[in-house]
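In: One predicted model, sequence on top.
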Amino acid sequence: MKKRWQFILALMVLVAGCNKENTKEDVSFYQPSNFPAPKYNFNNNPVTTAGFELGRKLFYDPILSRDNSTSCGSCHISFSSFTHHGHAVSHGIDNLLGKRNSPPVMNVAWSDEFMWDGGINQLDLLPIAPIENPVEMDLEFAQAVQKVKTSSAYPKLFKAAFGTEDITSARMLQAMSQFMNCLVSANSRYDKWKRNEGGSLSADELEGYNLFQAKCSSCHSTDLFTDYKFHNNGIKDNFSIDSGRAHISQQAADVGKFKTPSLRNLEKTKPYMHDGSFQTLEQVLEHYNSGVKVSATLDTLLNKNGVVGIPLSANEQQKIILFLKTLTDDTFITDRRFAEQ
Amino acid sequence: MKQSFLFAALLSALTIISSCKPEDHDALTGKGPVTIDLENRAGSAPFAFGTNYVTAGGDTVNFSTFKYYVSNFVLVKDDGSEYVVPQAGTYHLVDAAVSGSNSITLADIPAGKYTGIKYIIGVDSLRSTTDVSQRTGDLDPAGVGADMYWSWNSGYIFYKIEGTSPQSTEVGNVFMYHIGGYGGYSSPMTNNIRNVSITSAEAMEVGEGHSPEAHIYADVLQAFTSPMNYSIASGAVIHMPAMGAMIADNYADMFTLDHVHNEH
């Protein structure tokens, strides 16, 4: 009897040990306490480790492009906070250029309108767009699903994630969402300060934070630093190349409006703006101070009482930049689980 | 007296029974299927690819693609009451290039005499924004409807015609009309869903052992006429919802009942 108990105990230790091994790889979506509630409906597609791993494999798999050259990860690189670092506009298949800058894939669970123009209203549907885009991956989505079906690597991964080896478009998309939903960036020095987790801001950074709250946070709002709405912030006065939100809504009032980007990990995501037209944060701040261009749809916040832009002294600009740099989250960028395996 | 009364009673009972009998045989009970055959046409002729037709406005058109979604079927009884067909199974992509895609069977319709059919051209806003796991069958973006989906502007293309016309000023004289738009997700946008309502003088008799068919004409040339003649020279390519509204208004009346067919 005693022996048997010892055996069971030993077994339990072994099992627990296995679990411990696994937790290193275990991933799940988590809700940072300083973030609002997510928009993604996790009831329909809860995150599991196997689903995450399948999604990650798909995200980094170039077979989703016409000539097996380009994966999602080609333009959304983990160490650049999932942007196409250094490229003003994205660079896809056959070296073709897109017309927009790759935004970071992070904290996507809090959004329900994706792309600079908000044309995609569900994370699950998003991968279809780059896969089919002729200057990105240039493959019909149906063919992409077919290629995954005929690749020998996948059936066992689908079985682990969804219970059977069936490969369907819905499962493929849901797995990719599971991976992307886990790309939560909320561990910058700012977050640790905000959540009283031992992080601190210097006097200058704190001043920058207060200036930011006063001058920028109406659009770059909450700790996600975006209101997820569409604004014209005056980087141009002619939007014939890219009309932004109006491309989707087809309303003149939306010409030149783009979705407010989050400002997290800015140090890793240059160049800036939808067309990548600014190389440095100094240029961005100088833009708000003196470069705002007036057009019919310019946001009223940037043209108040006859004052165009947001007047900021050189010193104020520097302090805001110091604050913005506290939003860099190295644990996110260097997290091995998120990188190509 | 007594006897003759009994006799009369017996006789009348017999009459009732015998007169009931054929009624009984015909009574509509239980459930049965209704088949809707959408017969694609170009004006008064059967539709064919690679054939020249002339629109009401005088343009010559020659088609290479003709497909559209119909969904959300409702059957109207002769007493005016309505039966809403369970939505999930009602999404159909009719593709003139795929034989059989124009025949839609609505199963398990409660017994009755039906004189009306209602449906929409397109995919309702709820289904247009639903979870991917609900997008099966004709709505699977990797399935038969793969080229009826806008990936850059999440939503289905409801109606698509493509072909050539000498009146087109595009390269190769092509025309392409891709009509979609379910009304917008976070803010109101163009809604190109159109309602269809068809009535029949002859009722469709539905019930166990009864499987009526409705033959409905679907006229592709209606896209170019009523309420407004559309001239191809005014724009041969449309792939944005707002510009498509005029064509949607036109094709809203593309369906007319030819006849119903009751089977016993």
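Out: That came through, no problem.

In: alpha carbons only for contacts and neighbour counts from here, please
Out: Fine.

In: Specify the local secondary structure of residue 104.
Out: If you meant another chain, say so; for now it's chain A. Per DSSP: H, G, I helix; E, B strand; the rest coil, the secondary structure class of A:P104 is coil.

In: The chain in question should be chain B.
Out: Three-state assignment for B:I104 (three-state DSSP): strand.

In: With the one 3 residues further on instead?
Out: When states are read from three-state DSSP, the local structure at B:A107 comes out as strand.

In: For the closest residue to it other than its chain neighbours, pull up the helix or strand it's in.
Out: Nearest residue to B:A107, sequence neighbours excluded (Cα to Cα, 6 or more residues apart in numbering or on different chains): B:P33, at 4.3 Å. Per DSSP states H and E, B:P33 falls inside strand B:31-42.

In: same question for that strand, mean pLDDT?
Out: For strand B:31-42, the mean pLDDT works out to 97.

In: List of residues touching that strand?
Out: Strand B:31-42 is contacted from outside by B:46-48, B:53, B:96, B:102-111, B:206-221, using Cα atoms under 8 Å, 6 or more residues apart in numbering or on different chains.

In: Number of residues surrounding the residue lying closest to A:L96 once chain neighbours are set aside?
Out: With Cα to Cα, 6+ apart as the criterion, A:L96 has its nearest non-adjacent residue at 5.4 Å, and that residue is A:V135. A:V135 has 18 neighbours, counted by other Cα atoms under 10 Å in any protein chain shown.

In: ditto for A:N265
Out: Around A:N265 there are 24 residues (other Cα under 10 Å).

In: and it, what does it touch?
Out: Counted by Cα under 8 Å, 6+ apart, A:N265 has contacts A:81, A:325, A:327-329.

In: For chain B, give me the ranges with low pLDDT.
Out: For chain B, applying pLDDT under 70 flags the ranges B:1-26, B:264.

In: Point me to the residue of it nearest chain A.
Out: In chain B, the residue that lies nearest chain A is B:A142 (4.0 Å; Cα to the nearest Cα).

In: Please verify my assumption that that residue contacts A:V145.
Out: Yes. Applying Cα atoms under 8 Å, one finds B:A142 in contact with A:V145, separated by 7.0 Å.

In: Of the two, which one has the most company?
Out: Set B:A142 next to A:V145 and count neighbours by other Cα under 10 Å: B:A142 wins out with 25 against 20.

In: Which residue is the nearest non-sequential neighbour of that one?
Out: Computed as Cα to Cα, 6+ apart, the closest residue to B:A142 that is not its neighbour in sequence is A:A142, at 4.0 Å.

In: List the contacts of that neighbour.
Out: Contacts of A:A142 (Cα under 8 Å, 6+ apart): B:141-143, B:146.

In: could I have the helix or strand hosting it exported to PDB, CA atoms only?
Out: In this structure, A:A142 sits in helix A:141-150 according to DSSP H and E. Written as PDB, here are the backbone C-alpha positions of helix A:141-150 (Å, rounded to 0.1, in the frame of the first residue of the first chain):
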ATOM      1  CA  PHE A 141      -7.000  32.700 -50.600                       C
ATOM      2  CA  ALA A 142      -8.600  29.400 -51.800                       C
ATOM      3  CA  GLN A 143      -5.200  28.400 -53.200                       C
ATOM      4  CA  ALA A 144      -3.500  29.300 -50.000                       C
ATOM      5  CA  VAL A 145      -5.900  27.000 -48.100                       C
ATOM      6  CA  GLN A 146      -5.200  24.300 -50.700                       C
ATOM      7  CA  LYS A 147      -1.400  24.600 -50.300                       C
ATOM      8  CA  VAL A 148      -1.800  24.300 -46.500                       C
ATOM      9  CA  LYS A 149      -4.000  21.200 -47.100                       C
ATOM     10  CA  THR A 150      -1.400  19.500 -49.200                       C
END
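
In: Now do the buried residues in it.
Out: Residues of helix A:141-150 classed as buried by neighbour count (16 or more other Cα atoms under 10 Å in any protein chain shown): A:141-146, A:148-149.

In: give me every residue that touches B:G57.
Out: Contacts of B:G57 by Cα under 8 Å, 6+ apart are B:224-225, B:229-231.

In: for the stretch 151-264 of chain B, what spans make up the helices?
Out: Here the stretch 151-264 of chain B has its helices, by DSSP state H, counting those that start in this stretch, at B:241-251.

In: Go through the buried residues of helix A:141-150 and name the one nearest chain B.
Out: A:A142 (4.0 Å).

In: for the residue of chain B closest to chain A, helix, strand, or coil?
Out: With three-state DSSP as the criterion, B:A142 reads coil.

In: Next, find the distance separating it from A:K147.
Out: 12 Å (Cα to Cα, to the nearest Å).

In: Which residues of the stretch 51-200 of chain B lie near chain A?
Out: B:129, B:131-133, B:135, B:140-143, B:146, B:151-154, B:185, B:189 (Cα under 8 Å from any Cα of the partner chain).

In: Which two of those have the greatest separation?
Out: Maximum pairwise distance among those (Cα to Cα): 26.8 Å, between B:G143 and B:M189.

In: List the buried residues in stretch B:182-192.
Out: So, applying 16+ other Cα under 10 Å, buried residues of stretch B:182-192: B:182-185, B:189-192.

In: Tell me which two of those residues sit farthest apart.
Out: Spanning the widest gap among these are B:Y185 and B:N192, at 13.9 Å by Cα to Cα.

In: so where's the stretch 101-250 of chain A shaky on pLDDT?
Out: Using pLDDT under 70, nothing in the stretch 101-250 of chain A is flagged.

In: tell me, how many neighbours does the closest residue to A:H287 other than its chain neighbours end up with?
Out: Residue nearest to A:H287 in three dimensions, not counting chain neighbours: A:I235, with 7.5 Å by Cα to Cα, 6+ apart. For A:I235, the neighbour count with other Cα under 10 Å is 21.
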